[in-house]
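Asks: below are the sequence and a predicted model; questions follow.
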Amino acid sequence: MKLLAGALILLLIYLFYPFRDLYVKDDPFSASYDLVAKGFWSLEACAGAANAQQASDFQCRERRLGAQLFGDGYGQRRDRGE
């Protein structure tokens, strides 16, 4: 029973925890960002990866598996990295 409860808790965390994806703008005249890396656990880790690549214009966007399963309408948010 404890194993089942632990597995359920891990599943809920995986579904609803906001992972971050790193998008970088390579061309300053383009409006689009290219996906560079996925699956960061925190905004600091995502921004650190962008700084390691010396990216001047980047976005760390939140992604939740639950939003993909249940639709985008429950709070997918975009964070701007500096």
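Replies: Thanks, I have it. From a predicted model like this one, the values you see are computed outputs, not experimental measurements. Residues are numbered from 1 along each chain as shown.

Asks: assign the residue sitting nearest the centre point of the chain to helix, strand or coil.
Replies: Centroid-nearest residue in the chain, with C-alpha atoms, centre = their mean: R20, separated by 1.5 Å. For R20, the secondary structure call by DSSP: H, G, I helix; E, B strand; the rest coil comes out as strand.

Asks: how close does it sit to L12?
Replies: With distances taken as C-beta to C-beta, to the nearest Å, R20 is found 19 Å from L12. No exception for glycine: its C-beta is placed from N, CA and C like everyone else's.

Asks: with A37 instead?
Replies: As judged by C-beta to C-beta, A37 and L12 stand 25 Å apart.

Asks: these two: who's more crowded?
Replies: A37 (16 against 11; other C-beta atoms under 10 Å).

Asks: picking that back up, test for you: state the pLDDT assigned to the residue nearest to the centre of the chain.
Replies: For R20, the model assigns a pLDDT of 90.

Asks: one more: D79?
Replies: D79 is given a pLDDT of 50.

Asks: which helix or strand in the protein has the lowest average pLDDT?
Replies: strand 78-80 (a mean of 52; mean pLDDT, DSSP states H and E).

Asks: ok, the nearest residue to S32 once chain neighbours are set aside - how many residues close by?
Replies: Nearest-residue entry for S32: K25, 7.4 Å, with adjacent residues in sequence omitted and distances by C-beta to C-beta, 6 or more residues apart in numbering. Counted with other C-beta under 10 Å, residues neighbouring K25 total 16.
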